[in-house]
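Asks: pasted the sequence and its predicted model underneath.
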Amino acid sequence: MSKAAFRLTAVAVATAAAMTAAPSAGATTEAAAPSAPATTVTATASDPFYTYDGSKPLASFAPGDVLKTRTLQYHLIGIPTPLQAVQLLYRTTDAQGRPAANVTTVVRSLTGDGSKAVSYQSFYDSLDPEDGPSRAIAGDLTLGGLIPNAEAIFIAPLLAQGYNVVIPDTEGQRANFAAGPEYGTNTLDSIRAASKSAQTGLSSATAFGLIGYSGGAIATNWAAALAPSYAPDVNRRLVGYAEGGLLVAPAHNLKYVDGSLAWSGVIPMAVIGVSRSYDIDLKSYLSDYGRKVYDELQQGSIIDAIGHYPGLTWKKMAKPEYADPNSIPEFRTAVNKLNLGSAATPTVPGFIAQGDAGVLEGTFSNHPGIGTGDGVMVAGDVRALARQYCATGSAAVKYTQHELLSHVGTPVVWAPVALGWLGDRFAGRTAPSDCGRIPAGNSLAPE
């Protein structure tokens with residue numbers, strides 16, 4: 001491992017161990033300008049880099065077009081490292097199909113090889129744009145931003161093995177939490193932008209792998225599913241996708257975490273994310289307590305939600321007449337749009353891992369028709385999706401279920417296996433398949 005990658009790993013381990021908050025900060029240059037020197041200036045809430053302010057309408061650009069570029073040092077917990085990163089503002093598409101601008105970060109291969117890259121999707125899970133990985137990399141410090149700082153422990157091995165690493169702000173610049181289709185387009189257009197920029201060393205010939213856990217798995221799977229239709233130019237270059245702790249059918253997850261000691265805070269986060277993504281006002285359906293929690297988490301991250309609302313239920317959030325979330329037509333319609341079971345089947349090989357010991361994290365639910373999971377993700381849904389891909393696709397699917405691991409425990413085992421699996425795909429080895437051996441799962445029909 002190079003000294004730069006070693007230092008990145010060391011600081012990431014320290015960050016993951018500490019997990020304490022600190023204040024915030026930013027820098028900027030235009031895409032049309034020549035490559036900017038690395039800078040220790042950091043990102044701020046008012047950083048103009050994150051806003052498209054050109055004279056041409058955003059809609060006049062193609063998805064993946066680069067709008068701005070800057071080069072800076074890769075920061076960890078606000079400390080600059082020897083690594084340089086290229087950040088791109090690029091045109092993409094939001095959950096409603098409208099043009100949007102988003103940011104991605106590219107860390108070039110330590111060997112200078114531009115032939116292979118991995119798109120790493122972060123699990124920063126936040127309703128605050130300030131918590132995005134690009135801002136953490138630029139030196140900004142927020143509580144929610146500790147997660148992308150700690151994720152350097154997953155990124156360092158990729159760099160050490162010679163990959164270029166592309167890290168999109170998967171939730172976009174509005175932090176549309178849980179909006180899977182938007183996560184997917186943000187990811188695919190990030191790959192397009194990274195391949196178009198002269199400063200990244202990547203090109204239209206660069207092969208890509210996708211990898212992500214939890215919220216990063218949402219982006220990874222939606223990108224793989226949307227690529228054949230939304231970005232066939234990217235799909236042709238994908239070698240495969242590796243993911244763990246996947247959200248498949250959000251309607252099931254809301255029932256599964258209902259009353260959980262640790263994960264019930266996901267309920268209001270999902271309500272906010274869905275309403276924000278599809279521009280629907282759900283506050284009129286909420287109880288006084290529900291509106292209070294809704295307001296508290298408007299800019300909250302998963303760190304603000306986990307364990308902060310033990311035993312919270314949908315019924316406590318909603319007015320009595322809306323005790324069933326399906327009784328709210330706009331919400332039901334939006335949640336069904338986020339169901340991966342209704343999306344297309346990826347055409348490239350996949351590795352999917354899932355924990356099933358949610359009891360370790362205070363989720364005791366074995367809801368009829370839903371079953372058990374890792375505390376927040378439903379194992380039966382993930383099995384059903386893997387089986388669906390086996391039945392409807394031509395690409396191999398490897399599925400692993402960790403019966404004794406929870407959502408927090410699974411990535412420790414998943415990450416090295418996922419990295420090895422991706423390495424084999426880049427090497428051209430035949431992808432292993434568990435099709436025919438995956439146990440039955442749940443129905444993924446829309447609610």
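Replies: Yep, that arrived. Given the structure is predicted, the values throughout are model-derived calculations rather than measurements.
Asks: just how off-centre is stretch 296-303 within its chain?
Replies: Relative to the centre of its chain, stretch 296-303 is centred 16 Å away, using Cα atoms, centre = their mean, to the nearest Å.
Asks: typo on my end, it should be stretch 325-332
Replies: The answer for stretch 325-332 is 25 Å, by Cα atoms, centre = their mean.
Asks: what's in contact with that stretch?
Replies: Stretch 325-332 is contacted from outside by 251, 254, 271, 274-275, 278, 280, 282, 285, 314, 318, 321-322, 335, 447, using Cβ atoms under 8 Å, 6 or more residues apart in numbering. (C-beta placed from N, C-alpha, C; glycine too.)
Asks: one more pass at 7 Å, please.
Replies: 254, 274, 280, 282, 285, 314, 322, 447 (Cβ atoms under 7 Å, 6 or more residues apart in numbering).
Asks: so which of the residues you listed is the closest to residue 340?
Replies: Nearest to residue 340 among the contacts of stretch 325-332: residue 447, at 13.8 Å, using Cβ to Cβ.
Asks: distance of that closest one relative to residue 140?
Replies: Separation of residue 447 from residue 140 (Cβ to Cβ, to the nearest Å) stands at 38 Å.
Asks: who's more crowded, those two?
Replies: residue 140 (26 against 16; other Cβ atoms under 10 Å).
Asks: right, and that one touches residue 132 too?
Replies: No - between residue 140 and residue 132 there is no contact under Cβ atoms under 7 Å: 8.8 Å.
Asks: selection in PyMOL covering whichever of the contacts of stretch 325-332 are buried, please.
Replies: To isolate the buried members of those in PyMOL, using 16 or more other Cβ atoms under 10 Å:
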select buried, resi 254+274+282+285+314+322+447
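Asks: and which of the contacts of stretch 325-332 is nearest residue 151?
Replies: For the contacts of stretch 325-332, the residue nearest residue 151 by Cβ to Cβ is residue 274; the value is 24.9 Å.
Asks: so who does residue 134 touch?
Replies: Contacts of residue 134 (Cβ under 7 Å, 6+ apart): 87, 103-105, 169.
Asks: show me how far stretch 329-337 is from its chain's centre.
Replies: With Cα atoms, centre = their mean, you get 21 Å for stretch 329-337.
Asks: before we move on, what about stretch 89-106?
Replies: On Cα atoms, centre = their mean, the centre of stretch 89-106 falls 14 Å from that of its chain.
Asks: and it, how far apart are its ends?
Replies: End-to-end distance for stretch 89-106, by Cα to Cα, to the nearest Å: 12 Å.
Asks: what's in contact with it?
Replies: Contacts to stretch 89-106, defined as Cβ under 7 Å, 6+ apart, come from residues 49-50, 52, 58-59, 61-68, 85-88, 133-134, 137, 164, 166-169, 172-173, 176, 179, 181-182, 185-186, 189-190, 193-194, 200, 277-278.
Asks: list the buried residues for that stretch?
Replies: Across stretch 89-106, burial judged by 16+ other Cβ under 10 Å covers 89-95, 99-106.
Asks: ok, stretch 381-396 next?
Replies: So for stretch 381-396, counting by 16+ other Cβ under 10 Å, buried means 381-390, 393, 395-396.
Asks: can you list the domain ranges for the protein.
Replies: Using automatic domain parsing, the domain ranges for the chain come out as 3-244, 251-337, 339-426.
Asks: need those domains in JSON lines (columns: mean pLDDT).
Replies: As requested, the domains of the chain are exported to JSON lines (pLDDT from 0 to 100):
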{"stretch": "domain 3-244", "mean pLDDT": "87"}
{"stretch": "domain 251-337", "mean pLDDT": "96"}
{"stretch": "domain 339-426", "mean pLDDT": "96"}
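Asks: all helices of the stretch 51-200 of the chain, in order?
Replies: 133-138, 146-150, 152-160, 180-196 (DSSP state H, counting those that start in this stretch).
Asks: of those helices, which is nearest residue 412?
Replies: helix 152-160 (10.2 Å).
Asks: alpha carbons only: can I get the closest one in PDB?
Replies: Only the C-alpha atoms of helix 152-160 are listed here, as PDB (Å, rounded to 0.1, in the frame of the first residue of the first chain):
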ATOM      1  CA  ALA A 152     -12.100   6.300   3.500                       C
ATOM      2  CA  ILE A 153     -11.400   3.000   5.200                       C
ATOM      3  CA  PHE A 154     -13.200   1.400   2.200                       C
ATOM      4  CA  ILE A 155     -11.700   3.700  -0.400                       C
ATOM      5  CA  ALA A 156      -8.100   3.300   0.600                       C
ATOM      6  CA  PRO A 157      -7.900  -0.400  -0.500                       C
ATOM      7  CA  LEU A 158      -9.300   0.500  -3.900                       C
ATOM      8  CA  LEU A 159      -6.600   3.100  -4.400                       C
ATOM      9  CA  ALA A 160      -4.000   0.700  -3.100                       C
END
